[in-house]
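# I would like the atomic coordinates for the input below:
(2 chains)
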Number of protein chains: 2
Amino acid sequence: MKRNDQENEAAPPVWERISSEPQHEYASFSTRLDRVRSPEDGDTHEYDIIESADAVTVVALTRGGELVMVDQFRHGVRRAELEFAGGVIDPGESPVECGVRELQEETGFVGDAPELLGTLSLNASWQTTLVHVVRVRAAERRSEKELDDGEDTRVRVVPVEEAMRRVAEGSFCSSVAIAALALHLWGKDA
Amino acid sequence: MKRNDQENEAAPPVWERISSEPQHEYASFSTRLDRVRSPEDGDTHEYDIIESADAVTVVALTRGGELVMVDQFRHGVRRAELEFAGGVIDPGESPVECGVRELQEETGFVGDAPELLGTLSLNASWQTTLVHVVRVRAAERRSEKELDDGEDTRVRVVPVEEAMRRVAEGSFCSSVAIAALALHLWGKDA
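Coordinates of the predicted model:
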């Protein structure tokens, strides 16, 4: 079979946005209705979009190469989920500053200078949110956690191989956290 | 340092849901307000939750071991994104049936019997949606695409190593698709 058989090799063109109308405001996100025009046939389409602040997830590694993870009850899926520390970027804060802050608040761990590994889309189809992946090496517990009201995190220090096995077994299933681990492992300096 | 230093090793307890009130309906999702009680201190908290139908993403591999991927303009991030074929499960459809259908519609590719590899959470914090990962081997183009109105997919047949490199380089950044590839690669039968 020919590579990309019969496909247009060019990047898909941008759909012009004709209008963007705010809908509803919620505590941590808002909704809008976008009207867009297809570059193929000129037809207009409407899409509901969810806007929420960009966020950070932190791949923190101990000197022994273990992952500093967080186990907490999550209200969307109504069960505990194993994830990395992270959260929403505060106004004026950079992604790496946010990562260092969230790691310390949620786990009490502090490490070497943070690195920005890359940026993931949460759900490109109908959400604006981007999640920056920050890596912190030589992480160690240096303080107590400082949890926000309603937060109850349990720190789990997990070997990388165990985290990968838990992905395969289904007990580590956060898309963003798994993608962040992949970004760490598939880069040059894993 | 002691493993899980000072942490409670038990799984985080469930937060009792006191009420769940529908808010707004949109074309492909809806919102609700949940009131929940903290198992720690008994305080009540309110969370806005987004409900949307569970979905499927398809890790399709050619006989040569290349990934069958889809490049399309995405309205949430307003740019083209490289992802796997996939979509929302129709009523009465199983995840593997959905995966086979979406792969054929979006790419024209058909393969061997589909396998359900696992299930990812999209955003456990404030969304209900789960994304099932279906693997299809020996995928080959057997038909034309059958796109829904407003869909414009461009098929990209990508070697696994190139997809991993694109994650590291930042030109493949869909959390769900990267996590699905990790689920394939970190399992026993990659």
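# centroid-nearest residue for chain A?
The residue at the geometric middle of chain A, judged as the C-alpha nearest the mean C-alpha position with Cα atoms, centre = their mean, is residue A:131 (3.7 Å).
# host element of it?
Per DSSP states H and E: residue A:131 is located in strand A:130-136.
# what's opposite residue A:33 in the beta bridge?
Following DSSP bridges, residue A:33 is listed with bridge partners residue A:21, residue A:48.
# let's see the pLDDT reported for it.
Taken from the predicted model, the pLDDT recorded for residue A:33 is 98.
# the strand holding residue A:131 pairs with which strands?
Those paired with strand A:130-136 in the sheet (DSSP bridges) are strand A:55-60 (parallel), strand A:115-121 (antiparallel).
# just put those in CSV and tack on mean neighbour count and mean pLDDT.
The way it works is simple: take the backbone N, C-alpha and C, and place the C-beta from them, glycine included. What follows is these, written out as CSV (neighbours: other Cβ atoms under 10 Å in any protein chain shown; pLDDT from 0 to 100):
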stretch, mean neighbour count, mean pLDDT
strand A:55-60, 28, 98
strand A:115-121, 20, 98
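# just put the ones you listed in JSON lines and tack on distance to residue A:74.
Formatted as JSON lines, the entries for these read as follows, by distance: least, Cβ to Cβ, whole Å:
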{"stretch": "strand A:55-60", "distance to residue A:74": "14"}
{"stretch": "strand A:115-121", "distance to residue A:74": "18"}
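# what angle separates the longest helix anywhere in chain A from strand A:55-60?
Counting by DSSP state H, the longest helix found in chain A is helix A:95-107. Here helix A:95-107 runs at an angle of 70 degrees relative to strand A:55-60 (axes from the mean of the first three to the mean of the last three Cα atoms, to 10 degrees).
# show me what counts as buried in helix A:95-107.
Residues of helix A:95-107 classed as buried under the neighbour-count rule (16 or more other Cβ atoms under 10 Å in any protein chain shown) are A:95-96, A:98-107.
# can you check stretch A:169-188 too?
Buried residues in stretch A:169-188, counted by 16+ other Cβ under 10 Å: A:172-187.
# how about it and chain B, any contact?
Yes: in this structure, stretch A:169-188 sits against chain B according to Cβ under 8 Å from any Cβ of the partner chain; the contacting residues are A:170, A:173-176, A:178-179, A:181-183, A:186-188.
# ok, which stretches of chain A are helices?
Secondary structure of chain A (DSSP H): helices located at A:95-107, A:160-169, A:175-185.
# want to throw the buried residues of helix A:95-107 into TSV with distance to chain B and pLDDT?
Written out in TSV, the entries for these read as follows (distance: Cβ to the nearest Cβ, whole Å; pLDDT from 0 to 100):
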residue	distance to chain B	pLDDT
A:95	13	98
A:96	16	98
A:98	16	98
A:99	17	98
A:100	19	98
A:101	17	97
A:102	13	96
A:103	15	97
A:104	15	96
A:105	15	95
A:106	12	94
A:107	9	95
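# got these as JSON lines, with distance to residue B:14 columns?
As requested, the buried residues of helix A:95-107 are arranged in JSON lines below (distance: Cβ to Cβ, whole Å):
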{"residue": "A:95", "distance to residue B:14": "32"}
{"residue": "A:96", "distance to residue B:14": "34"}
{"residue": "A:98", "distance to residue B:14": "29"}
{"residue": "A:99", "distance to residue B:14": "29"}
{"residue": "A:100", "distance to residue B:14": "31"}
{"residue": "A:101", "distance to residue B:14": "28"}
{"residue": "A:102", "distance to residue B:14": "24"}
{"residue": "A:103", "distance to residue B:14": "26"}
{"residue": "A:104", "distance to residue B:14": "27"}
{"residue": "A:105", "distance to residue B:14": "23"}
{"residue": "A:106", "distance to residue B:14": "20"}
{"residue": "A:107", "distance to residue B:14": "22"}
